[in-house]
Each structure stands twice: as C-alpha cells, then as structure tokens.
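Q: Next one to model:
(one chain, ligands or ions: 1)
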Amino acid sequence: MKNIVLFGPPGAGKGTQAELLKGKYNLVHISTGDVFRFNIKNETELGVLAKTYMDKGDLVPDEVTINMLEAEVDKNVDANGFIFDGFPRTQSQAEALDGFLNTKGEKINGMVALEVPEDLLVERLLERGKTSGRADDTDEGKIRNRFNEYNTKTAILKDYYAAKGNYFGVNGVGSIQEITERLAKVFDTL
Ligand code: ADP
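A: Alright, predicted model coming up:
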C-alpha cells in the first residue's frame, strides 16, 4: 500500500490536491474536516460534538478524531492506499496512526507537506469563506485561532516524520496544476 499524509497549514490546498492525486495513484482520500462536516450536516452525535470545537477553530479532541479516522480506514478494506488530509494534527494522533497501521502490517510511506506563507493563507481562507459557507472561514479571529492551533500542536509533526526520514516539503505557491506536478514527483518516489 501507498499511505501518504498530505500536510500543511489551513488553506494550503490539501483538499484540492488530494482530489486531483487520488485518481492518478488509485488511493482513497480521507479528509477528517470533510467527515466532520458531513456529520454536522446530518446532525449525528459526532457532528453535534465536533461542531462546538470546529466553529471556534479549535481542534476536536484526539480520542474522538482517532476513533473516527480508524472507522473511515476500516470502511475501505480493499484500498490500494490512502491520502490522509487533515490527519494527524497532533503528536498523539500521529502515534495512534502508526500503531493502527502497524496492526495491519502497514505504515506511512511519507508526509508530503505543502509549504505556503501565512499571509497568503489568510487571504485564501477569507476568499473561500465568501462561498464555502464555513463558519470557520469567515472571521479573521477564528482563522488566526486555527493558525495558533496549527503552530502550537500540528507543526511539530514535521519533526516527527523528519526523524524517520519521511518528511518531504513541496512549495505550495503557484498554480493548482504546477503544485499537482510538484506533489506527483514526490508521490512517485514513495
Ligand atoms: P483546514 O482547511 O483548516 O485545514 P479542515 O477542513 O481540515 O480545515 O478542518 C476543519 C476543522 O475540523 C479543524 O479546524 C478542526 O476543528 C477539525 N479537525 C479536522 N481534522 C482534525 C484533526 N485531525 N484533529 C482535530 N480536529 C480536526
């Protein structure tokens, strides 16, 4: 299997790129943000819980997120591999993911990170907020809080994967197509 963590700060373009790359590599794309939003829309118990955190731009608690992610993986027993988008976002999530994949004789082949400067990201998110209907994209305070969560809890995962020789940074500034090509060059080696 080819299991890739597509990484990067809020608004880096992970969802867009994952959708373009999943077909090329025959991988299942799991976006934790999308799964949460689906649950919110359908007013499930998980959705009601997640909404209280997401609307503020806070991370949903690890245990809830990890259980959900494992259930999503287990729905796809025949997969050729996964693109994880928005997961892991904390050190405990990364450790849980390794342990979980290990029980299946699988591993993460690499973390591929979209690197984009923060100023550009805030602009992109506010622009997306005009049409996405996402409460967490419309208010600069909530956006700043998401960056704060990213910088304090998530950014360290670069070191976690780099220590295993598994971190691959990609310049995330450019056209969508240019960035897909840069990512594909890395995916090909994993
Ligand atoms: P972004 O565009 O900010 O990267 P996502 O759509 O991936 O956003 O996630 C939106 C929100 O969903 C996050 O701000 C967080 O509240 C919640 N969320 C998504 N993935 C996780 C995770 N792995 N751990 C905790 N919370 C998560």
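Q: nearest spatial neighbour of the closest residue to the ligand within the chain, skipping sequence neighbours?
A: Per C-beta to the nearest ligand atom, G33 is where the chain lies closest to the ligand, at 2.0 Å. Every residue, glycine included, has its C-beta placed from N, CA and C. Leaving aside its sequence neighbours, G33 sits nearest to G86 (C-beta to C-beta, 6 or more residues apart in numbering; 4.7 Å).
Q: I figured the one you found was touching H29, is that so?
A: No - the criterion here is C-beta atoms under 8 Å, and G86 misses it with H29 at 10.5 Å.
Q: Which one's more surrounded, these two?
A: G86 (23 against 19; other C-beta atoms under 10 Å).
Q: show me the contacts for the more buried one.
A: K14, S31, T32, G33, D34 (C-beta atoms under 8 Å, 6 or more residues apart in numbering).
Q: mind checking how far the residue nearest to G33 is from S175?
A: Here the criterion is C-beta to C-beta, to the nearest Å. By it, G86 lies 23 Å from S175.
Q: ditto for R89
A: 27 Å.
Q: just R146 next, same as before
A: 25 Å.
Q: Equivalent analysis for A79, please.
A: For A79 relative to S175 (C-beta to C-beta), the value is 29 Å.
Q: Check M111 too.
A: Following C-beta to C-beta, the distance that separates M111 from S175 is 23 Å.
Q: immediately after the longest helix that the chain contains, which helix or strand?
A: Assignment by DSSP state H gives helix 118-132 as the longest helix of the chain. Per DSSP states H and E, the first helix or strand lying C-terminal to helix 118-132 is helix 140-149.
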